[in-house]
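Asker: Here is a sequence with its predicted model. Questions after.
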Amino acid sequence: MTFLNKIPFSLLSLLLLCFSSFTALSDRIMGRNAFFLAISLMIFISLIQKKKVTINKENKLLTIAIILMGLSQGIWAFFYGHEGDNIFLANENYGIVSRYLLVIGLSLLFINNLKKNKIININKELLTAFFFAGFLYMCAVGLVYCYENPGERLRINSAATISGYIITLQGLFTLYLVDILNSKLKKLFLPIIIAVSLITLALTETRSAILVFPALVVLYFLTTRAYARKKILTVALLFIIAAPFAIKIFFPSTLDRLNSSYTEVADIGVDNDSSIGARVSMWKAGIYAFEQHPIGQSAATRYKEVSYYIDKAESGNPEAKRNSIYHLHSDLIESLSLRGILGGFIYILLIISIIYSAFKQGMLVDSLILFLLPILLYGSVDTLFIDKRFVIVFGAQLLLYQLFPRKASGFQEVKTVTVAKKVS
């Protein structure tokens with residue numbers, strides 16, 4: 001045991017969590033394996049420690065909510081996942097995603113073992129460079145795709161939209177880590193992270209991501225640098241003025257998509273056969289499907305209900321019917337329409353539990369701006385908790401934000417309940 005205690009398992013677990021977060025989009029299997037190995041090391045650390053086992057009070061509700069989310073998806077997959085074709089993403093993914101969520105919930109029971117190890121005191125420049133390199137690798141995969149497929153939207157082994165959402169989360173996550181580690185490289189790395197994120201997001205042509213990322217970056221700096229608010233707002237104003245010209249010169253197709261947003265919104269009442277119009281039609285149809293089956297239903301049955309409503313009330317919106325085969329582009333409506341009122345309640349409980357956990361651990365501002373807000377915003381116009389890559393990133397970042405609290409110089413010691421081991 002003495003030999004095992006000398007092995008830096010905590011550091012290995014931390015680095016594997018970071019590695020899984022940065023590789024889940026470009027290589028899901030590698031990211032998944034790294035995540036599972038990191039959690040296995042967490043559990044192993046708890047087994048070889050001679051100290052008393054501790055339970056993190058602040059994570060109790062969050063653990064329950066994530067486990068319930070995993071169980072609800074797993075139970076749905078067991079009863080309904082075989083009905084219809086795998087073209088329905090719930091049929092294909094719910095069984096897998098549910099297992100990921102159960103592992104994430106389990107990991108929260110052991111995260112305190114990492115918090116009690118001062119492994120953050122290793123060379124900060126080295127750690128910062130590791131995070132920075134991981135982020136650049138992920139973006140480079142997308143840029144290579146654009147180079148090899150000129151004229152196409154950037155995608156990293158997934159749809160352009162989910163690529164944009166995860167790039168946003170990773171960009172904000174890397175920005176935060178580099179910022180709080182406060183190494184000598186920070187002043188160099190921060191502007192590079194922002195610039196690379198903006199370029200990569202522009203190439204995805206994902207409108208929500210292009211608009212949300214810079215807004216959250218400005219909000220983050222405004223809340224963490226009150227002494228420089230005038231300077232930040234001045235830079236933000238200059239960015240707003242310069243951005244349209246830069247996009248027009250370097251990303252003309254992206255500008256066309258952004259300009260089309262106004263037309264699509266204005267024409268919803270006249271012609272809803274558009275990206276935004278289709279989403280509105282799917283949301284209405286999803287609520288209708290939930291009203292018909294408040295306890296839950298299969299994806300095949302839901303598609304029949306959704307198609308009926310779209311034909312009847314949405315002029316047969318072809319874009320909505322085509323996309324509703326996969327999901328309904330809203331996490332809450334997706335949960336309600338498939339898993340019923342209980343599924344919707346569990347999703348809301350999950351959001352509340354993330355807020356509560358962050359508040360109790362003194363990380364509300366950072367977690368809200370950098371982690372929860374993008375998930376809520378993107379989850380209101382798309383379905384995230386049905387995507388395997390997203391859930392891996394979600395789990396890894398959920399743990400990493402807790403492992404790197406701003407107010408601690410090392411891992412933060414949080415209030416715990418001590419549970420004495422049984423003595424036989």
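Answerer: Nice, I can see it. Note that the structure is predicted; figures quoted are calculated from it, not measured.
Asker: for Ile67, what are its contacts?
Answerer: 101-102, 105-106 (Cβ atoms under 8 Å, 6 or more residues apart in numbering). The C-beta positions use only the backbone N, C-alpha and C, and glycine is treated the same way.
Asker: do Met363 as well
Answerer: Per Cβ under 8 Å, 6+ apart, neighbours of Met363: 401-402, 405-406.
Asker: ok, His329 to Arg279 distance?
Answerer: 5 Å (Cβ to Cβ, to the nearest Å).
Asker: Return every residue with contacts to both of those two.
Answerer: With Cβ under 8 Å, 6+ apart, His329 and Arg279 have common neighbours Val381.
Asker: Check whether the residue nearest to Ala300 when sequence neighbours are not counted sits in a helix, strand or coil.
Answerer: Distance criterion Cβ to Cβ, 6 or more residues apart in numbering; nearest residue to Ala300, sequence neighbours excluded, is Gly84 at 3.1 Å. Counting by DSSP: H, G, I helix; E, B strand; the rest coil, the backbone at Gly84 sits in coil.
Asker: my read: Gly84 touches Asn91, true?
Answerer: Yes: Gly84 lies in contact with Asn91 (Cβ atoms under 8 Å); the separation is 6.1 Å.
Asker: Next, count neighbours for the residue nearest to Ala300.
Answerer: Residues near Gly84, counting by other Cβ atoms under 10 Å, number 18.
Asker: Using PDB, write out every CA atom in the helix or strand where Ile276 lies.
Answerer: Assigned by DSSP states H and E, Ile276 belongs to helix 275-292. The C-alpha coordinates for helix 275-292 follow below in PDB (Å, rounded to 0.1, in the frame of the first residue of the first chain):
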ATOM      1  CA  SER A 275     -34.500  26.300 -39.700                       C
ATOM      2  CA  ILE A 276     -36.100  28.500 -37.100                       C
ATOM      3  CA  GLY A 277     -39.600  28.000 -38.400                       C
ATOM      4  CA  ALA A 278     -39.100  24.200 -38.200                       C
ATOM      5  CA  ARG A 279     -38.000  24.400 -34.600                       C
ATOM      6  CA  VAL A 280     -41.100  26.400 -33.600                       C
ATOM      7  CA  SER A 281     -43.300  23.800 -35.400                       C
ATOM      8  CA  MET A 282     -41.500  20.900 -33.700                       C
ATOM      9  CA  TRP A 283     -41.900  22.500 -30.300                       C
ATOM     10  CA  LYS A 284     -45.600  22.900 -30.800                       C
ATOM     11  CA  ALA A 285     -45.900  19.400 -32.100                       C
ATOM     12  CA  GLY A 286     -43.900  18.000 -29.200                       C
ATOM     13  CA  ILE A 287     -46.200  19.700 -26.600                       C
ATOM     14  CA  TYR A 288     -49.100  18.200 -28.500                       C
ATOM     15  CA  ALA A 289     -47.500  14.800 -28.400                       C
ATOM     16  CA  PHE A 290     -46.900  15.100 -24.600                       C
ATOM     17  CA  GLU A 291     -50.500  16.100 -24.000                       C
ATOM     18  CA  GLN A 292     -51.600  12.900 -25.800                       C
END
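Asker: And it, how far out from the chain middle?
Answerer: 23 Å (Cα atoms, centre = their mean, to the nearest Å).
Asker: and if you look at stretch 346-355?
Answerer: Distance, centroid of stretch 346-355 to centroid of chain: 14 Å (Cα atoms, centre = their mean).
Asker: which residues are contacting that stretch?
Answerer: With Cβ under 8 Å, 6+ apart as the contact definition, stretch 346-355 has outside contacts at 61-62, 64-66, 68-69, 72, 331-332, 335, 339, 364, 367-368, 371-372, 376, 385, 398.
Asker: For that stretch, give the mean pLDDT please.
Answerer: In this model, stretch 346-355 carries a mean pLDDT of 96.
Asker: Flag every buried residue along it.
Answerer: 346-347, 349-351, 353-354 (16 or more other Cβ atoms under 10 Å).
Asker: likewise stretch 276-291?
Answerer: Quick answer for stretch 276-291 (16+ other Cβ under 10 Å): 276-286, 288-290.
Asker: quick one on the thing from earlier: now for Gly84 and Asn91: what residues contact both?
Answerer: Ala299.
Asker: now the helices: where do they sit in the stretch 201-350 of the chain?
Answerer: 207-224, 229-250, 252-266, 275-292, 299-313, 318-324, 331-360 (DSSP state H, counting those that start in this stretch).
Asker: Flag whichever of these has the least confidence on average.
Answerer: helix 252-266 (a mean of 88).
Asker: Tell me which other helices or strands it touches.
Answerer: Judged by 3 or more Cβ pairs under 8 Å, 6 or more residues apart in numbering; DSSP states H and E, helix 252-266 is in contact with helix 207-224, helix 229-250, helix 275-292.
Asker: Look at Asn157 and report its pLDDT.
Answerer: 89.
Asker: quick one, what contacts it?
Answerer: 25-28, 141, 389.
Asker: Secondary structure and neighbour count added to the residues you listed, as CSV?
Answerer: CSV is the format used below for the contacts of Asn157 (DSSP: H, G, I helix; E, B strand; the rest coil; neighbours: other Cβ atoms under 10 Å):
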residue, secondary structure, neighbour count
Leu25, coil, 27
Ser26, coil, 21
Asp27, coil, 17
Arg28, helix, 18
Val141, helix, 19
Arg389, helix, 23
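Asker: Tell me, how many residues neighbour Leu101?
Answerer: 25.
Asker: what's near enough to touch it?
Answerer: Leu101 touches 66-67, 69-70, 73, 391, 395, counting by Cβ under 8 Å, 6+ apart.
Asker: Of those - the most surrounded one?
Answerer: Gln73 (30 neighbours).
Asker: Surely that one and Ser98 touch.
Answerer: Yes: judged on Cβ under 8 Å, Gln73 makes contact with Ser98 at a distance of 3.9 Å.
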